[in-house]
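K.L.:
Next one to model:
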Amino acid sequence: MLKAKHIQIIIIILLIVGLAFTSTAAVAYWNDVNTNSNVIIEFGGEQANLQITETGTSFTGTLVPEGQAVFLGEKESATFVYTVSIDKTLVKSVNLIVEAIEVKIGDSTEYAHLVDIQINGSKDIHTNELFNSEVVITVVIRLLEPLDLTEVEDPLLANVDDSVAAFEAINGQDLSFTLSFTVLPKESEE
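P.N.:
You can find the predicted model right below:
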């Protein structure tokens, strides 16, 4: 009788350990973050994978501030177009949050504020409804001209302390950023 009771206790302990392991593995799996090139895909709550395809043309040339494109190959904006879909049929819509993160000019973030990134017309971050169809994400990048207090009438329009130093720091440097795609359940509207 005592032996049977010990076996039951061991089985219960093994079941509790198994439940804890399974729960931890499930949470870790659905909160997984995948990285693909300069795109981060995060899953939170829904059991599906995002399919992201760049459908626009690749950017070639040099990005310059508005009104400064003088030479061949200089462009005032760069546009990237992505189509995003989910590989499974959803029973409810979810929020697709697209955010520009880790913006750098060269290897520095010092003048990253001079990079204007519009995602579907919103600055740096945009939320779309995603429900069993493709969503088109358009990202437009512009470089703002460095302006200091000596170059503007309104002090609020100055975006750097020294425009010459800013120009020298960013001139000819590569611009980089990461797009983060996050899927989250929609908040219930009651």
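
K.L.:
so what are the domain limits for the chain?
P.N.:
Listed domain ranges for the chain are 1-30, 36-185 (source: automatic domain parsing).

K.L.:
Could you look over those domains and pick the most buried one?
P.N.:
When you average the neighbours per residue for each of the domains of the chain (mean count of other CB atoms under 10 Å), domain 36-185 leads with a mean of 15. Quick note: C-beta positions are derived from backbone N, CA and C, even for glycine.

K.L.:
From one end of stretch 146-160 to the other, what's the distance?
P.N.:
Start-to-end span of stretch 146-160 (CA to CA, to the nearest Å) is 6 Å.

K.L.:
err, stretch 116-136, not the other one
P.N.:
End-to-end distance for stretch 116-136, by CA to CA: 20 Å.

K.L.:
just stretch 95-113 next, same as before
P.N.:
For stretch 95-113, the end-to-end distance is 27 Å (CA to CA).

K.L.:
which residues of the chain fall in strands?
P.N.:
Taking DSSP state E, the strands of the chain run over residues 33-36, 39-43, 50-54, 62-63, 74-75, 78-86, 94-105, 115-119, 122-123, 125-130, 135-143, 175-185.

K.L.:
mind checking which of these is nearest Pro155?
P.N.:
strand 115-119 (20.1 Å; CB to CB).

K.L.:
Paired strands for that closest one, with orientation please.
P.N.:
strand 122-123 (antiparallel), strand 135-143 (antiparallel) (DSSP bridges).

K.L.:
Out of those strands, which is closest to Leu96?
P.N.:
strand 135-143 (6.1 Å).

K.L.:
The closest one vs strand 78-86, what angle?
P.N.:
Orientation check (axes from the mean of the first three to the mean of the last three CA atoms, to 10 degrees): strand 135-143 against strand 78-86 gives 160 degrees.

K.L.:
Measure how far strand 135-143 is from the centre of its chain, please.
P.N.:
12 Å (CA atoms, centre = their mean, to the nearest Å).

K.L.:
What average pLDDT does that strand get?
P.N.:
Across strand 135-143, the average pLDDT comes to 91.

K.L.:
Name the residues that touch that strand?
P.N.:
The contact list for strand 135-143 (CB atoms under 8 Å, 6 or more residues apart in numbering) reads 55, 63-66, 76-85, 96, 98, 100, 114-120, 126, 128-129, 170, 175, 177, 179.
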